[in-house]
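In: here is a sequence with its predicted model. Questions after.
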Amino acid sequence: MRAVVWHGRRDLRLEDIPEPDDPGPDEAIIEVSFCGICGTDLHEYVEGPVMIRPTSHPLTGQAPPLTLGHEFSGRVVALGPGVEGDLGARVTVDPCWRCGTCYWCRRGEYHICRQGGAVGLASHGALARFVRVPAAGLVPLPDSVDDRTAALVEPLAVGLHAVRRGQVGTGDTVLVSGYGPIGASVLLAARAAGAGAVFVSEPDSARRALADLMGATEVVDPGEADVRRSVFTWTERVGPDVVFECTGLPRLLPAAVDAVRRGGRVVVVGVGHGAAEVEPNRLVLFEREVVGSLGYQHDLFRVVKLLAAGRLDPAPLVTGVVPLAQAVSHGFDALLADRRHVKILVDVGAT
């Protein structure tokens, strides 16, 4: 089968690979419909290996080269021994591989499993016709959620998990720093959680326009205005209850801490590299909290319910759909070349 295979930094190839073997215990095989290109995939393409291990993964046994792709929808075509489910069922997938036995897995915190990894990073991913997945990650889809929308469930779950980590509630004021796919998912999830106002800081004009289209209360260009002062003014000199740092740029974390209100919370969602310098007294003297947010913890099920209920509209996120044969040139390279793109989906079955 044709697949988009990562061989190393700036080495992404469309090539033929074997179809997956029959699924083992606790596994399933999915025929892929649509697969989104994630910022993590872009980082692996440009800077990798980042989250891809250069040697065999302890849970999957997979070593590079490997097929990318972990945001996807499809149909179940095979189930491993003892796995209950319906062949042909439409699903999206929580792509977390988990050991099931470590301290964190036993607590239900499988997303921070000691040995954990993800489909498309620790095993062959969904930028191919068929993909092997953990059966525990199968998320059934109702008829009201189509395959294209279902490929957005995974990034939406990242935003929803972050909003849950931030304990956003009815009437809360939120600031989102960085309006890529995750920042947009945070906005949608915060609105669904009842946030009263969602402010967005984003330097790119096209993405600021998208934030406005998707219902941001106010949008500010950090290159033209003081974000902290602007939001302080908009919130009657209080500040936001929760700030979401979605850029992954360590140098922006101190600004997020300074922007949140006294007693407020900063949620670090973006994955970055390098150190950030935060003065401890900026936390202690104002009782601010800083928490990390990684992926999702049963949040894909919650997202599907919100989509089915009409409480999330992710359609504006999709700025392109390309066939598998053009995934590198019109997908990965297009995202890198043009920031007007936010989320490009790959129609895996298209010719």
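Out: Perfect, I can see it now. These numbers were taken from a predicted model, which means no experiment stands behind them.

In: tell me how far Arg9 lies from Glu44.
Out: 8 Å (CB to CB, to the nearest Å). C-betas here are computed from N, CA, C, even on glycine.

In: of those two, who's got more company?
Out: Taking other CB atoms under 10 Å, Arg9 and Glu44 do not tie; Glu44 has more neighbours (24 against 13).

In: tell me the contacts of that one?
Out: Counting by CB atoms under 8 Å, 6 or more residues apart in numbering, Glu44 makes contact with Trp6, Val50, Met51, Ile52, Leu68, Leu121.

In: buried subset of those, written for PyMOL?
Out: Restricted to buried positions by 16 or more other CB atoms under 10 Å, the PyMOL selection for those reads:
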select buried, resi 6+52+68+121
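
In: tell me the two of the contacts of Glu44 that are most distant?
Out: Using CB to CB, the two most remote members of these are Val50 and Leu68, lying 12.0 Å apart.

In: can you count the residues close to Gly61?
Out: The local packing of Gly61 (other CB under 10 Å) involves 9 other residues.

In: quick one: it and Thr55, what's the gap?
Out: As for Gly61, its distance to Thr55 is 10 Å (criterion: CB to CB).

In: closest to Asp313 out of the contacts of Glu44?
Out: For those, the residue nearest Asp313 by CB to CB is Leu68; the value is 27.2 Å.

In: quick one: that closest one from Ala28, how far?
Out: Per CB to CB, Leu68 is found 19 Å from Ala28.

In: quick check, central residue of this structure?
Out: Central residue of the chain (CA atoms, centre = their mean): Pro155, 3.3 Å from the mean position.

In: what backbone torsions are found at that one?
Out: According to degrees, to the nearest 10, the main-chain angles of Pro155 amount to phi -60, psi -30.

In: need the contact list for it.
Out: Under the criterion of CB under 8 Å, 6+ apart, the contact partners of Pro155 comprise Gly36, Cys38, Glu71, Pro181, Ile182, Ser185, Leu317, Lys343.

In: repeat that for 10 Å
Out: Taking CB atoms under 10 Å, 6 or more residues apart in numbering, we find Pro155 in contact with 36, 38-39, 70-71, 180-182, 184-185, 296, 303, 314, 317, 343.

In: and Arg340, by the same measure?
Out: Listed by CB under 10 Å, 6+ apart, the contact set of Arg340 reads Asp204, Ser205, Ala206, Arg207, Ala209, Leu210, Thr319, Gly320, Ala334.

In: which one of the residues you listed is nearest to Gly24?
Out: Gly24 lies nearest to Gly320 out of these, by CB to CB, at 35.6 Å.

In: partner strands of the host helix or strand of that closest one, with direction?
Out: Taking DSSP states H and E as the definition, one finds Gly320 inside strand 318-323. Using DSSP bridges, the strands paired with strand 318-323 are strand 343-347 (parallel).

In: just the CA coordinates for the strand it pairs with, please, in CSV.
Out: Extracted in CSV, the C-alpha atoms of strand 343-347 (Å, rounded to 0.1, in the frame of the first residue of the first chain):
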residue,chain,number,x,y,z
LYS,A,343,-5.5,22.3,9.0
ILE,A,344,-5.0,20.2,5.8
LEU,A,345,-6.7,16.9,5.6
VAL,A,346,-5.5,14.0,3.4
ASP,A,347,-8.2,12.1,1.6
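
In: how about the secondary structure of Pro240?
Out: Applying DSSP: H, G, I helix; E, B strand; the rest coil to Pro240 yields a three-state assignment of coil.

In: so it sits against Val176, correct?
Out: Yes - the pair Pro240 / Val176 is scored as a contact, 9.4 Å apart, by CB atoms under 10 Å.

In: hey, what's in contact with both of the two?
Out: Counting by CB under 10 Å, 6+ apart, the shared contacts of Pro240 and Val176 are Val198, Phe199.

In: between those two, point out the one with more neighbours.
Out: Between Pro240 and Val176, counted using other CB under 10 Å, the more crowded position is Val176 (31 against 27).

In: how close does the more buried one get to Val145?
Out: Distance check for Val176 against Val145: by CB to CB, it reads 25 Å.
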